[in-house]
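> Predicted model and sequence follow; I will ask about them next.
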Amino acid sequence: MSDLAPVATALAAAVEAWERAVFALRLPAAWQGAAADTARDQLARLVDRGGGLLDRARRLSAVLTDVAAREPFDDVRLAAALAGAARSEPGAVGPAADGPAPAAVGHWWAGLTAGERERLVVERPELVGALDGVPAAARDRANRARLAVARRAAEAELADLTRARDTVRDLGGLQDVEARLAGVRARLGRILAVDAAAADHALLALDPASGRAAIGIGDVDGARHVGVFVPGFTARAEDLPARTAELSALTGPGVAAVAWYDYDAPQWPEVLDPARSVLGTRAATAASVRLASFLDGVAPQAHVTAVGHSYGSLVVAQAAATSRAVDDVVLLGSPGVTPLPRQPTWVAEARFDAVADTGWFGPDPNTVAGVHPIATTGATGHGDYLRAGGTSARNVAAVIGGRPQDVSADRAIGVGDRLRDLLPR
């Protein structure tokens, strides 16, 4: 048995115990008063944060279990690196107190020989492609291999179901086949969208089933400056081709960008689901743990700017609170964030962007002292911030490229801002 197996078992048990301890906890319904309200608020925060931590722990547990089960590939250094990450104790807030897992992975990868790295990419693409801290070029090769396999499997399943539909004789069977066909077509559509977006770029993360992915534009490994863009409400894999085209205009010599769609952005049908609603923070909190890990591993030597649009600005703000890699934060059309990033923060609010005036998740960043306002001349509404050639896009490019002196500043005053000024305080 692999030496890693006991670690995998221990982590799985810890995850199960944490689920029981936190998510099964219920405060007495009859308990009333200020102390009860405070306790319930703290419990809600614990559940929110616990969901994100559990997501990370489950993924690590799955990797450890998978590696432990494959005796022919029991690489000692791989086992040691992953076991070290599993043993890391979380601090009061954020990543492990003794260094984030991506740093340990980066050190381990640097110590492998070229042959060992090649063997990992070819034989274990599902591992290499998902490990934050592995260089972008290696993750790209691994994830492209996985994407090709997923595409062939979906196309074969589609062909099989199409043939099966022609042989069905009853209505119930036909409805079942049509439903399965719709599901496969949707999955294949997501795969094809990711494939198109990654045609000339690097595929840095991939979940073929859901379409979650991260696309790197430019030389992410060699860039001096890297911007990581996080989308908001209703973001889908199908948006990636257009988004990578927008981000390409922000890059240049020494500057790379990443379209980070590696989270389940809230969608319209989920508005009434407390765990997934765009009106709540749970989806953002879970995503922020994934994003913080990615940021810490994507470009260790570069100046990193985290850019969040709409609900994605909340994801960025929470990730920036724990990431050790973020140097600048850009919030585009933000409905408020909590907490306000400690890093230099740049805020863009376009004319007639009602979402940016809501202050739903905290104070409107556009009104907070100390933030750097970004001019958005010519942009209108909620989705115009990265339009190629626009003032807003040029300013975002300047922040990402480490040229703050080139940013034109203008604090736009929206309808919501004016209403707040009129209301009594």
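Received, thanks.

> Let me see the mean pLDDT of whatever helix or strand residue 152 lives in.
According to DSSP states H and E, residue 152 maps onto helix 136-165. Here helix 136-165 scores 96 as its mean pLDDT.

> Which other helices and strands does it contact?
Helix 136-165 sits against helix 114-123, helix 125-128, helix 171-197, strand 202-207, with contacts defined as 3 or more C-beta pairs under 8 Å, 6 or more residues apart in numbering; DSSP states H and E. All C-beta atoms are positioned from the backbone trio N, CA, C, and that covers glycine.

> could I have the first one exported to CSV, CA atoms only?
Same thing as helix 114-123. Taking Å, rounded to 0.1, in the frame of the first residue of the first chain, the C-alpha atoms of helix 114-123 are listed here in CSV:
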residue,chain,number,x,y,z
ALA,A,114,12.4,16.7,-17.2
GLY,A,115,11.6,13.0,-17.7
GLU,A,116,9.6,12.9,-14.5
ARG,A,117,7.6,16.0,-15.5
GLU,A,118,6.9,14.6,-18.9
ARG,A,119,5.7,11.3,-17.4
LEU,A,120,3.4,13.1,-15.1
VAL,A,121,1.9,15.2,-17.9
VAL,A,122,1.4,12.2,-20.2
GLU,A,123,0.3,9.6,-17.6
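
> can you pull the buried residues of it?
Neighbour-count burial for helix 114-123, with 16 or more other C-beta atoms under 10 Å as criterion, is recorded at 117, 120-121.

> Just put those residues in a markdown table and tack on distance to residue 388.
As requested, the buried residues of helix 114-123 are exported to a markdown table (distance: C-beta to C-beta, whole Å):
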| residue | distance to residue 388 |
| --- | --- |
| 117 | 37 |
| 120 | 38 |
| 121 | 34 |
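
> Show me the shaky parts of this structure.
1-4, 19, 22-24, 47-100, 412-425 (pLDDT under 70).

> returning to what we had before: pull the distance from the helix holding residue 152 to the chain's centre.
Distance of helix 136-165 from the chain centroid (C-alpha atoms, centre = their mean, to the nearest Å) equals 22 Å.

> same thing with stretch 280-288?
The answer for stretch 280-288 is 10 Å, by C-alpha atoms, centre = their mean.

> One more: stretch 267-276?
That offset, for stretch 267-276, works out to 18 Å (C-alpha atoms, centre = their mean).

> Outside of it itself, list whatever touches it.
Outside stretch 267-276, the residues within contact range by C-beta atoms under 8 Å, 6 or more residues apart in numbering are 51, 233-234, 236, 264, 266, 277-280, 282-283.

> In stretch 208-226, which residues are buried?
So, applying 16+ other C-beta under 10 Å, buried residues of stretch 208-226: 208, 211-221, 223, 225-226.

> which two in those residues are spaced the farthest apart?
208 and 225 (30.4 Å; C-beta to C-beta).

> of the contacts of stretch 267-276, closest to residue 15?
For those, the residue nearest residue 15 by C-beta to C-beta is residue 51; the value is 12.0 Å.

> nearest to residue 376, of the helices and strands packed on helix 136-165?
Evaluated with C-beta to C-beta, the helices and strands packed on helix 136-165 place helix 171-197 nearest to residue 376, the distance being 25.7 Å.

> State the separation between that closest one and the centre of the chain it belongs to.
Centroid separation for helix 171-197 versus its chain: 25 Å, with C-alpha atoms, centre = their mean.

> ok and it relative to helix 136-165, angle-wise?
Using axes from the mean of the first three to the mean of the last three C-alpha atoms, to 10 degrees, the inter-axis angle of helix 171-197 relative to helix 136-165 is 160 degrees.

> got the residue ranges for the strands in the stretch 251-400 of the chain?
255-261, 303-309, 326-332, 345-348, 372-374 (DSSP state E, counting those that start in this stretch).

> Mind putting those into TSV with mean neighbour count?
Shown next, in TSV, are those (neighbours: other C-beta atoms under 10 Å):
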stretch	mean neighbour count
strand 255-261	29
strand 303-309	27
strand 326-332	25
strand 345-348	26
strand 372-374	21
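
> possible to save these as JSON lines with distance to residue 194?
Listed next are the strands of the stretch 251-400 of the chain as JSON lines, based on distance: least, C-beta to C-beta, whole Å:
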{"stretch": "strand 255-261", "distance to residue 194": "9"}
{"stretch": "strand 303-309", "distance to residue 194": "19"}
{"stretch": "strand 326-332", "distance to residue 194": "23"}
{"stretch": "strand 345-348", "distance to residue 194": "28"}
{"stretch": "strand 372-374", "distance to residue 194": "30"}
